[in-house]
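1. the following block contains a protein sequence and its predicted model.
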Amino acid sequence: MHQHRKTPLRVPIVAAIVAILVSFLFGGVTRASDETSLQSAATQSANEAQSSVAVTATAATNNEDQSSSGVVATATTTDKDAQPANGGHGCISRDISPGEVDTLLQTQDGSVEFTAYEAVRFSITLTLEEGHCSGDSIIISVPSELGTDGDDSPVPMTTPSGVVIGYATYNGTARTVTVTLTEQVEVPGRQDFHASAWWTVHMEPSLVPGETRELRWNVDGVIRRQSIQVGACDGCSVIGNNPSKWGSVDGNTQHVTVVLPTADHDGQEFVVTDTLTSPGQQFVCSDLLVGRVGVYHSAGPWGQPMYDRFQDPTVVSCDSSKATLSVTLNTGEKARLQLNVGVDAADPGPWSDSATITSQDKSWEVSTRVVRRESGGNAGFTPTPTPAPSPSPSAPAPTPSTSPTPEPTPSVTPTPSASPSPSPSAPSPSVTPTPSPSTTPSTPTPSPSATPTPSPSTTPTRRPVPLPTPVIERYKEPTPSAIPTPAPQHKKLAVTGTSGDVVTSAVALVTLGGFLIWARRRQTAHSER
């Protein structure tokens with residue numbers, strides 16, 4: 001009975017131990033399972049998050065593409081409707097506005113005073129707005145004080161490279177300038193067009209000596225006023241005694257004016273012999289004179305003749321290069337006559353002309369240099385900056401291509417960095433040959449088991465403390481896989497979380513099994529007794 005009473009006491013103890021061990025075993029497994037579940041959940045969440053991010057990014061990209069597409073479409077439409085020709089998107093046909101036009105009048109000699117019959121230069125300057133088309137134009141009325149003798153052929157407004165962006169035409173009769181643009185203003189890649197045209201004319205005798213005169217420019221309906229100071233012409237109202245001569249050219253005809261000396265007695269005869277001295281000139285004897293000879297004995301405030309009568313001269317002789325005429329005057333009278341000289345319209349000139357005037361025992365020589373009516377024009381523009389950026393994108397392209405070249409350098413850098421990491425473990429074998437004779441006696445085998453771990457990790461450079469051969473052999477196993485191999489294994493253990501608990505549980509089961517067998521045998525032995 002006493003032995004039978006002891007048996008149940010051991011059984012509950014064993015059962016309790018088993019329960020504890022089972023709880024420990026399955027608790028570890030549960031923990032591992034929980035960790036695995038948590039890891040799976042975390043992985044799933046991460047995947048879902050990545051998937052969500054990817055979807056969002058895709059959606060954002062699509063939205064951006066759609067938005068960008070919409071913007072481009074709108075920009076293209078806007079550009080076609082509103083962008084200027086020099087941007088490459090067409091032009092908007094319209095008149096040149098007064099704000100794009102400047103006017104200027106100045107004397108040939110640079111003086112501040114203007115006088116009648118004086119040669120002056122006036123100009124029209126354009127600073128064009130963007131987007132003009134071929135055919136855009138404007139009409140400017142010049143002041144009525146400017147002479148009608150300006151060049152009436154179209155003046156090309158030309159750039160130094162020969163590009164004509166417009167033509168300006170002066171109509172002396174109407175005293176207007178018409179500017180018309182060419183298709184060159186529509187060529188892409190050009191902006192900031194500017195141009196000008198100028199003409200040389202003579203001031204009209206309507207000026208009053210010494211006055212301040214207000215000139216009026218009419219720029220497409222906008223009136224601009226310019227004040228000028230008119231000079232004096234002392235003694236001009238008194239006719240001079242000496243002869244004079246000048247000329248002008250209009251197309252294929254020269255007009256040469258000869259002013260005779262003042263007659264000092266009645267019935268005085270003057271013989272005029274005019275000789276052409278330049279090639280390309282010729283007299284047309286059938287049309288030698290322009291009108292009749294004007295006779296006067298007084299002049300206006302600017303020396304202009306106040307004609308008393310007109311008379312026909314006597315043509316003594318005429319050929320293609322020389323013409324001789326005779327004019328009879330009374331006391332105090334002067335006369336003017338004008339000759340026609342034919343020239344080639346394509347001949348730019350200038351030409352020279354001389355005349356000899358004789359009267360009884362007196363003789364005078366007069367000559368002139370005849371030039372065409374003077375006019376000119378110029379223009380310019382600035383290339384748009386769009387071509388400049390196109391080289392700049394291609395310039396950066398070499399930079400990225402060179403930046404990969406440094407990449408080999410970083411790729412080489414890991415090699416040195418990898419060599420230091422093996423060096424903690426490698427120094428020990430490399431050092432052992434040298435110090436092994438001196439170190440082996442001083443450091444026996446017991447301490448190496450503790451020292452292997454700290455010595456390489458703490459001071460890899462401490463060569464005087466090498467590890468013994470057994471420890472080095474033990475470290476050789478991880479060395480081939482290098483430092484990176486243990487790191488992933490450690491991560492695996494940390495991620496699964498099962499290996500440590502399973503080993504512990506296995507040991508507990510073996511111990512429990514041994515204990516149960518021993519208890520069973522002892523109980524059987526007791527029963528047999």
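-> Here it is on my side, so go on.

2. OK, contacts around Cys233?
-> 115-116, 209, 301-303 (CB atoms under 8 Å, 6 or more residues apart in numbering). All C-beta spots, glycine's among them, are computed from the backbone N, C-alpha and C.

3. tell me the SS of it?
-> Secondary structure state of Cys233, per DSSP: H, G, I helix; E, B strand; the rest coil, is coil.

4. are any of the contacts of Cys233 buried, and which?
-> 115-116, 209, 302-303 (16 or more other CB atoms under 10 Å).

5. low-confidence ranges in the stretch 1-150 of the chain?
-> Residue ranges of the stretch 1-150 of the chain with pLDDT under 70: 1-89.

6. please redo it, this time with the cut-off set to 50
-> Counting by pLDDT under 50, the stretch 1-150 of the chain contains low-confidence ranges at 1-7, 28-88.

7. now do the stretch 351-500 of the chain
-> Filtered on pLDDT under 50, the stretch 351-500 of the chain yields the residue ranges 395, 398, 400-500.

8. would you map the helices across the protein?
-> Along the chain, counting by DSSP state H, helices occupy 2-82, 391-394, 398-402, 408-412, 414-418, 422-425, 427-431, 436-442, 454-458, 469-476, 486-496, 499-528.

9. hang on, the earlier thing: now for the contacts of Cys233: which two are most distant?
-> Pro209 and Gly303 (11.0 Å; CB to CB).

10. just the CA trace of stretch 182-193, in PDB.
-> Written as PDB, here are the backbone C-alpha positions of stretch 182-193 (Å, rounded to 0.1, in the frame of the first residue of the first chain):
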ATOM      1  CA  THR A 182       7.500  91.600 -98.100                       C
ATOM      2  CA  GLU A 183       7.100  87.900 -97.300                       C
ATOM      3  CA  GLN A 184      10.500  88.100 -95.600                       C
ATOM      4  CA  VAL A 185       8.800  89.200 -92.400                       C
ATOM      5  CA  GLU A 186       7.000  85.800 -92.300                       C
ATOM      6  CA  VAL A 187      10.200  83.700 -92.300                       C
ATOM      7  CA  PRO A 188      10.400  81.700 -89.100                       C
ATOM      8  CA  GLY A 189      13.400  82.300 -86.800                       C
ATOM      9  CA  ARG A 190      13.300  86.200 -87.100                       C
ATOM     10  CA  GLN A 191      12.100  88.800 -84.700                       C
ATOM     11  CA  ASP A 192      12.600  92.500 -83.900                       C
ATOM     12  CA  PHE A 193      12.400  93.800 -87.500                       C
END
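
11. list the buried ones in that stretch?
-> The neighbour-count check on stretch 182-193 (16+ other CB under 10 Å) flags 182, 184-186, 190-191, 193 as buried.

12. from these, which ones fall inside strands?
-> 190-191, 193 (DSSP state E).

13. mind putting those in JSON lines, distance to Gln282 and pLDDT included?
-> Formatted as JSON lines, those follow (distance: CB to CB, whole Å; pLDDT from 0 to 100):
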{"residue": "Arg190", "distance to Gln282": "47", "pLDDT": "93"}
{"residue": "Gln191", "distance to Gln282": "51", "pLDDT": "93"}
{"residue": "Phe193", "distance to Gln282": "44", "pLDDT": "97"}
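
14. Asp361 and Gln268: what is the separation?
-> 12 Å (CB to CB, to the nearest Å).

15. oops, could you answer that again for Gln184 instead?
-> 62 Å.

16. the more surrounded of Asp361 and Gln268?
-> It is Gln268, of Asp361 and Gln268, that has more neighbours when counted by other CB atoms under 10 Å, with 19 against 5.

17. show me the contacts for that one.
-> 328-331, 359-360.

18. at 6 Å what do you get?
-> The contact partners of Gln268, by CB atoms under 6 Å, 6 or more residues apart in numbering, come to 329, 359.

19. mind checking pLDDT for it?
-> Gln268 is assigned a pLDDT of 95 by the prediction.

20. same question for stretch 212-223, mean pLDDT?
-> In this model, stretch 212-223 has a mean pLDDT of 97.

21. buried sites along it?
-> Residues 213, 215, 217-219 are the ones in stretch 212-223 that count as buried (16+ other CB under 10 Å).

22. can you list contacts of it?
-> 98, 101, 103, 138, 140-141, 143, 145, 224-230.

23. dump the buried residues of stretch 212-223 to a markdown table, plus distance to Ser244.
-> What follows is the buried residues of stretch 212-223, written out as a markdown table (distance: CB to CB, whole Å):
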| residue | distance to Ser244 |
| --- | --- |
| Arg213 | 27 |
| Leu215 | 29 |
| Trp217 | 33 |
| Asn218 | 36 |
| Val219 | 38 |
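
24. ok, back up a step: tell me the one of the contacts of stretch 212-223 nearest Val371?
-> Glu145 (22.7 Å).

25. how close does the closest one sit to Met306?
-> In terms of CB to CB, Glu145 sits 21 Å off from Met306.

26. neighbour count: those two, which is higher?
-> Looking at Glu145 and Met306 with other CB under 10 Å, you find the greater number of neighbours at Glu145, namely 22 against 12.

27. state the pLDDT value of the residue nearest to that one when sequence neighbours are not counted.
-> In space, and not counting its chain neighbours, Glu145 is closest to Glu204: 5.2 Å by CB to CB, 6 or more residues apart in numbering. Looking at Glu204, its pLDDT stands at 94.

28. pretty sure Glu204 contacts Pro143?
-> No. The pair Glu204 / Pro143 is not scored as a contact, 9.2 Å apart, by CB atoms under 6 Å.

29. out of those two, which sits in the more crowded spot?
-> Neighbours per residue, other CB under 10 Å: of Glu204 and Pro143, the larger number sits with Pro143, 21 against 15.

30. check the gap between the residue nearest to the more buried one when sequence neighbours are not counted and Ala323 for me.
-> For Pro143, ignoring the flanking residues on the chain, the nearest one in space by CB to CB, 6+ apart is Leu215 at 3.8 Å. Distance, Leu215 to Ala323, using CB to CB: 40 Å.

31. Asp152 too?
-> Shown here: Asp152 relative to Ala323, a distance of 28 Å by CB to CB.

32. what about those two, which has more around it?
-> Set Asp152 next to Ala323 and count neighbours by other CB under 10 Å: Ala323 wins out with 24 against 17.

33. can you name the residues bridging to the more buried one?
-> Beta-bridge pairing for Ala323 (DSSP bridges): Asp274, Cys318.

34. now do Ser363
-> Thr358.

35. can you tell me how far it sits from Pro261?
-> From Ser363 over to Pro261 the distance is 10 Å, taken as CB to CB.

36. those two: who's more crowded?
-> Pro261 (20 against 10).

37. which residues does the residue nearest to that one when sequence neighbours are not counted contact?
-> The shortest distance from Pro261 to any non-neighbouring residue, by CB to CB, 6+ apart, is to Pro243 (4.9 Å). Residues counted as contacts of Pro243 (CB under 6 Å, 6+ apart) are 259-261, 357, 364, 366.

38. highest neighbour count among those residues?
-> Counting by other CB under 10 Å, top hit in the contacts of Pro243: Leu260 with 24 neighbours.

39. okay, that one: pLDDT?
-> At Leu260, the predicted lDDT confidence score is 96.

40. I figured it was touching Val271, is that so?
-> No. Checked against CB under 6 Å, the pair Leu260 and Val271 is beyond contact range at 10.2 Å.

41. show residues contacting stretch 304-316.
-> Applying CB under 6 Å, 6+ apart, the external contacts of stretch 304-316 come out as 205, 292-296, 298-299, 324-327.

42. ok, 7 Å please
-> Residues from elsewhere that reach stretch 304-316 (CB atoms under 7 Å, 6 or more residues apart in numbering): 205, 288, 292-300, 324-327, 336-337.
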